[in-house]
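>>> quick one: sequence and predicted model below, then my questions.
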Amino acid sequence: MDAYRSSVHSYVVFTLLIYNKKWEEIKDLLHSFISSHLLFIKLQAS
């Protein structure tokens, strides 16, 4: 039972690490998209 629990635990940690990595990339993409969108709005306004 302990071996099973530890393997499940490591799987969960692994999944969370992947999810965090993806979230960092998604945040970067969102940030660049929003900043370029704001720049576009500024250029249109001027």
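Nice, thanks for sending it over.
>>> the helices in this protein, which residues?
For the chain, applying DSSP state H gives helices covering 2-45.
>>> what residue ranges in this structure score low on pLDDT?
1 (pLDDT under 70).
>>> dump the residue contacts of the residue nearest the centre of the chain.
Residue closest to the average C-alpha location in the chain (Cα atoms, centre = their mean): Trp23, at 0.8 Å. Applying Cβ atoms under 8 Å, 6 or more residues apart in numbering to Trp23 gives no contacts. Backbone N, C-alpha and C define where each C-beta goes, glycine included.
>>> what's the spacing between it and Gln44?
Distance, Trp23 to Gln44, using Cβ to Cβ, to the nearest Å: 31 Å.
>>> distance of His37 from Ala45?
Relative to Ala45, His37 is positioned 13 Å away (Cβ to Cβ).
>>> looking at the two, which one has more neighbours?
Neighbours per residue (other Cβ atoms under 10 Å) separate His37 from Ala45, with His37 holding more: 10 against 6.
>>> mind listing what that one touches?
Neighbours of His37 in contact, by Cβ under 8 Å, 6+ apart: none.
>>> distance of it relative to Lys22?
From His37 to Lys22 the distance is 22 Å (Cβ to Cβ).
>>> what do you get for Ser6?
Distance from Ser6 to Lys22, by Cβ to Cβ: 25 Å.
>>> same check, this time on Leu38
In terms of Cβ to Cβ, Leu38 sits 24 Å off from Lys22.
>>> Ile41 too?
Taking Cβ to Cβ, one finds Ile41 at 28 Å from Lys22.
>>> do the same with His31
15 Å.
>>> kindly report the same for Asp28.
11 Å.
>>> what of Ser32?
With the distance defined as Cβ to Cβ, Ser32 ends up 16 Å from Lys22.
>>> can you give me the neighbour number for Phe33?
Phe33: 10 neighbours (other Cβ under 10 Å).
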